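Q: structure, please.
(chains A and B)
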Number of protein chains: 2
Amino acid sequence: MPSSTAAAPVSGAGQYDGQYERTERTTPTRYRDRASYDRDLVHEILDAGYVCHLGFVRDGAPVVLPTLYGRVGDRLYVHGSTGSRPLRSAGEAREPGMPVCVTVTHVDGLVLARSAFHHSLNYRSVVVHGTARRVTDAAELTEALDALVNQVVPGRAADSRPASAKELAATAVLRVDLTEVSAKVRHAGPADDEEDVALPHWSGVVPVTTAYGAPVPADDLTPGIPVPDYLTGR
Amino acid sequence: MPSSTAAAPVSGAGQYDGQYERTERTTPTRYRDRASYDRDLVHEILDAGYVCHLGFVRDGAPVVLPTLYGRVGDRLYVHGSTGSRPLRSAGEAREPGMPVCVTVTHVDGLVLARSAFHHSLNYRSVVVHGTARRVTDAAELTEALDALVNQVVPGRAADSRPASAKELAATAVLRVDLTEVSAKVRHAGPADDEEDVALPHWSGVVPVTTAYGAPVPADDLTPGIPVPDYLTGR
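A: Numbering: from 1, shown residues only, chains lettered A, B, ... in the order given. Now for the predicted structure:
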């Protein structure tokens, strides 16, 4: 019976059709309408960035480090060589892996309300809860490194020297499967209280974007190598 | 004896002269030259932003949420009402507070090396380890809210309706003192291996900045209220 089959959650998959499965810790208590479990939306937000904030626990205390990531389907690859001793040790291949939280945030606007209280941001964010395991398989590691490079500059991996076996061995990449994931989006004007609307304060939104400047060649760049198309189109 | 006095660490202050005290967990094992404990540099990086990633531990697992912050001297105020149940409960005023890690990151450039392995980012980041305590004193809460608003748009707090007592009570602001803090900065061109320099791949840096668009007035803005100077100067 297609209808009842369709209604059953996909056991163990952590997602159902186009939705990630909602869990207690991906359910916000405030602004619930801003939360989404839509797979396409989550991927879109992840694909719009390349820097995540990776959280893990060390000696009972939280550690949050910025690092690069790349997405391949429902796998998130996170660069682990951020100079952090605990991250590198905890990220070893040993089971059961390391509990992590990976968060990606894009700021889209400054929201200026008449009241200080209602000031806010327009933003898109994704929070991933999961377990990080160090990637050790050479083929997967190569794929992950390509994903990390292409996440920053799509098309770049094919136009660079691939990692050597020695470099692969020196690179700590953590894999986090996308199963317990949520997105949050605010995209609206100020939400002032009715009695504040007539106050004489300017109110509105200042749009925020990330701007990419003209590429600056390396000092030792071989003369005659042009700026590649995948950069000029940015 | 001034010289020996000057050499003694300031007990309990977590900083000495213009430097935060280095601890084991603020000492990176890689790229140690990128790390800094300089108080002015830390403040400068913090003051260049307004969104942090706040990490805390819930049921043994890390949680990382984006939220607003404001700095007042060596106090960091973090907005706690991010819709997170655990954050709000853990952030209550009870001692000994909640262990947190607050991280602020600015991306300044995409660093394209000839080798995939040496791709990197230019960035400035600050990592704060500490204990978050909920601000309950009304005067401090008002100061903290002003700091949060002014961090996003300097000068805005004075040009908005101050929070009412009811709003203050509904606002969860966490205070984290800046004692165990480090900054990391990468600001350089690609660091290719010597044998890769002649490879036919373009190499250099793509500058990244945050761009602010023309302010968009709220739909219900009272006609005649001009865009304030503190926005046009941005």
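Q: and the helices in chain A?
A: For chain A, the helices defined by DSSP state H cover A:2-7, A:39-47, A:85-90, A:138-152, A:165-170, A:229-232.
Q: distance of A:E44 relative to A:V227?
A: 27 Å (CB to CB, to the nearest Å). Using the backbone N, CA and C atoms, a C-beta is placed for each residue, glycine as well.
Q: quick one, strands of chain A?
A: A:15-16, A:19-20, A:35-36, A:51-58, A:61-72, A:75-79, A:98-112, A:120-134, A:173-177, A:180-186, A:204-212, A:216-217 (DSSP state E).
Q: make a markdown table out of those strands and add mean neighbour count.
A: A markdown table is the format used below for the strands of chain A (neighbours: other CB atoms under 10 Å in any protein chain shown):
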| stretch | mean neighbour count |
| --- | --- |
| strand A:15-16 | 18 |
| strand A:19-20 | 20 |
| strand A:35-36 | 18 |
| strand A:51-58 | 25 |
| strand A:61-72 | 23 |
| strand A:75-79 | 23 |
| strand A:98-112 | 23 |
| strand A:120-134 | 22 |
| strand A:173-177 | 24 |
| strand A:180-186 | 22 |
| strand A:204-212 | 16 |
| strand A:216-217 | 16 |
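Q: about what we covered before: of the helices of chain A, which is nearest A:G18?
A: helix A:39-47 (4.8 Å; CB to CB).
Q: what angle do that closest one and strand A:51-58 make?
A: 90 degrees (axes from the mean of the first three to the mean of the last three CA atoms, to 10 degrees).
Q: got the contact list for helix A:39-47?
A: Here helix A:39-47 makes contact (CB atoms under 8 Å, 6 or more residues apart in numbering or on different chains) with A:15, A:18-20, A:36, A:69, A:71, A:76, A:104, A:106, A:124-126, A:151, A:178, A:181-183, A:185.
Q: do that again at 6 Å, thanks
A: Identification of contacts with helix A:39-47 by CB atoms under 6 Å, 6 or more residues apart in numbering or on different chains yields A:G18, A:R71, A:V104, A:R124, A:V126, A:V181, A:A183.
Q: just stretch A:114-128 next, same as before
A: A:42, A:45-46, A:102-109, A:111, A:113, A:181-187, A:191-192, A:196, A:199, A:201, A:203, B:66, B:145, B:149, B:160-163, B:167.
Q: stretch A:177-188 now?
A: A:14, A:20, A:23, A:26, A:34-37, A:41-42, A:45, A:74-76, A:122-129.
Q: could you list the low-pLDDT ranges of chain A?
A: Where chain A drops to pLDDT under 70, the residues are A:1-16, A:81-95, A:233-234.
Q: who's in contact with A:E167?
A: Counted by CB under 6 Å, 6+ apart, A:E167 has contacts B:F117.
Q: any idea how far the nearest residue to A:R156 once chain neighbours are set aside is from B:L145?
A: Leaving aside its sequence neighbours, A:R156 sits nearest to A:V149 (CB to CB, 6 or more residues apart in numbering or on different chains; 5.2 Å). Going from A:V149 to B:L145 by CB to CB gives 42 Å.
Q: more neighbours: those two, which one.
A: A:V149 (27 against 24; other CB atoms under 10 Å in any protein chain shown).
Q: what sits against that one?
A: A:R156, A:A157, B:A116, B:H119.
Q: now A:A147
A: A:G70, A:V72, A:Y77.
Q: next: A:E194.
A: By CB under 6 Å, 6+ apart, A:E194 has no neighbours at all.
Q: tell me what the spatially most central residue of chain A is bridged to.
A: Here the mean C-alpha position of chain A is nearest to the C-alpha of A:V104 (CA atoms, centre = their mean), at a distance of 3.5 Å. A:V104 has these beta-bridge partners by DSSP bridges: A:V126.
Q: doesn't A:C52 make contact with it?
A: Yes - between A:V104 and A:C52 there is a contact under CB atoms under 6 Å: 4.9 Å.
Q: now distance to A:A138 too, for the contacts of helix A:39-47, in CSV please.
A: Shown next, in CSV, are the contacts of helix A:39-47 (distance: CB to CB, whole Å):
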residue, distance to A:A138
A:G18, 33
A:R71, 20
A:V104, 27
A:R124, 35
A:V126, 29
A:V181, 28
A:A183, 33
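Q: farthest pair in those?
A: Most distant of the contacts of helix A:39-47, by CB to CB, are A:G18 and A:V104, 19.3 Å apart.
Q: how far away is the residue nearest to the centre of chain A from A:L46?
A: Taking CB to CB, one finds A:V104 at 6 Å from A:L46.
Q: again with A:R22
A: From A:R22 to A:L46 the distance is 18 Å (CB to CB).
Q: more crowded one of the two?
A: Taking neighbours as other CB under 10 Å, A:R22 and A:L46 compare with A:L46 leading, 23 against 15.
Q: what's the separation between the closest residue to the more buried one other than its chain neighbours and A:T136?
A: For A:L46, ignoring the flanking residues on the chain, the nearest one in space by CB to CB, 6+ apart is A:R71 at 5.0 Å. For A:R71, the distance to A:T136 equals 20 Å [CB to CB].
Q: can you check A:D146 too?
A: Taking CB to CB, one finds A:D146 at 17 Å from A:T136.
Q: neighbour-wise, which of those two wins?
A: The residue with more neighbours, out of A:D146 and A:T136, is A:D146; 20 against 13, by other CB under 10 Å.
Q: how about that one, nearest residue that isn't a chain neighbour?
A: A:A157 (4.0 Å).
Q: for that neighbour, what are its contacts?
A: Contacts here follow CB under 6 Å, 6+ apart; on that basis A:A157 touches A:D146, A:V149, A:N150.
Q: neighbours of the last one, just the number please.
A: Going back to what we said before, that points to A:N150. Quick note: A:N150 (other CB under 10 Å) scores 19 neighbours.
Q: what's near enough to touch it?
A: Counting by CB under 6 Å, 6+ apart, A:N150 has contacts A:A157.
Q: for A:Y50, see how far away it is.
A: Distance from A:N150 to A:Y50, by CB to CB: 9 Å.
Q: now swap in the first one and tell me
A: Applying CB to CB, the value for A:D146 to A:Y50 is 13 Å.
Q: can I get stretch A:65-84 as CSV, trimmed to CA atoms?
A: Output in CSV follows, covering the C-alpha atoms of stretch A:65-84 (Å, rounded to 0.1, in the frame of the first residue of the first chain):
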residue,chain,number,x,y,z
LEU,A,65,37.3,25.6,15.8
PRO,A,66,36.7,27.0,12.4
THR,A,67,37.8,24.7,9.5
LEU,A,68,37.0,23.8,5.9
TYR,A,69,34.4,21.3,4.8
GLY,A,70,33.2,19.7,1.7
ARG,A,71,29.9,17.9,1.0
VAL,A,72,29.5,14.8,-1.1
GLY,A,73,25.9,13.7,-1.1
ASP,A,74,25.0,13.0,2.5
ARG,A,75,28.5,12.9,3.7
LEU,A,76,30.3,16.0,5.2
TYR,A,77,34.1,16.0,5.1
VAL,A,78,35.7,18.2,7.6
HIS,A,79,39.3,19.2,7.6
GLY,A,80,40.8,18.1,10.8
SER,A,81,44.3,19.4,10.8
THR,A,82,43.5,22.7,12.4
GLY,A,83,46.5,22.6,14.7
SER,A,84,44.4,21.2,17.5
